[in-house]
Structures are given as structure tokens and as C-alpha cells.
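> need a structure here:
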Amino acid sequence: MKAVKILVPFRFEIDHKAVEFEPGIAELPDESVDAFIRAGYAALIEDEPAIKIVGNKATSKVKAVK
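Model prediction:
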């Protein structure tokens, strides 16, 4: 089982039982993870950055010396 982030709600059959997945963190069988990632239903947690880098520029006023 691999931990993934579910992006959209969907149903999947595990051990002959239909399981509904809602957006959030879940574990899926290893053999089906690749198909869900390619379909855009899930994303591997390891692939996402732990922090978000915001591109704010530093604003400093420089006065020229005469």
C-alpha cells in the first residue's frame, strides 16, 4: 500500500468490495497507484513539496548619495 493524496472523489473495488475515496490522504494498493496517478485521480505524497515558495520580491528603497 502506498500513501497518496486523492485529488477527486472516485470508487474503486478492493477485495471484491466497492470503496469510495474522497479528496484527502489515503492508501491505495501498489498495483493500482500508477493508473490513478496517470488518470489524474491521485498524486504521490513524496512528489509534492513540503513548503510552498512564494516569489515575493524584496522591496527596498535605495537613495542615491550626491
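> what segments of this structure are helices?
30-39 (DSSP state H).
> contact partners of the lowest-mean-pLDDT helix or strand in it?
Ranking every helix and strand in the chain by mean pLDDT, DSSP states H and E puts strand 10-14 at the bottom, with a mean of 84. Here strand 10-14 makes contact (CB atoms under 8 Å, 6 or more residues apart in numbering) with A18, V19, E20, F21, L28, P29, S32, Y41. Glycine gets a C-beta too; all of them are placed from N, C-alpha and C.
> go again using 6 Å as the cut-off
A18, V19, E20, F21, Y41 (CB atoms under 6 Å, 6 or more residues apart in numbering).
> please tell me how far the fourth one sits from V33.
Applying CB to CB, to the nearest Å, one obtains 12 Å for the distance of F21 from V33.
> quick one: the strands in the protein?
2-6, 10-14, 17-21, 24-28, 42-44 (DSSP state E).
> CSV for those, including distance to A64?
Below are the strands of the chain laid out as CSV (distance: least, CB to CB, whole Å):
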stretch, distance to A64
strand 2-6, 51
strand 10-14, 61
strand 17-21, 61
strand 24-28, 54
strand 42-44, 50
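> export those as a markdown table, with columns for distance to V65 and mean neighbour count.
Output for those, formatted as a markdown table (distance: least, CB to CB, whole Å; neighbours: other CB atoms under 10 Å):
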| stretch | distance to V65 | mean neighbour count |
| --- | --- | --- |
| strand 2-6 | 53 | 16 |
| strand 10-14 | 64 | 11 |
| strand 17-21 | 63 | 11 |
| strand 24-28 | 56 | 13 |
| strand 42-44 | 52 | 17 |
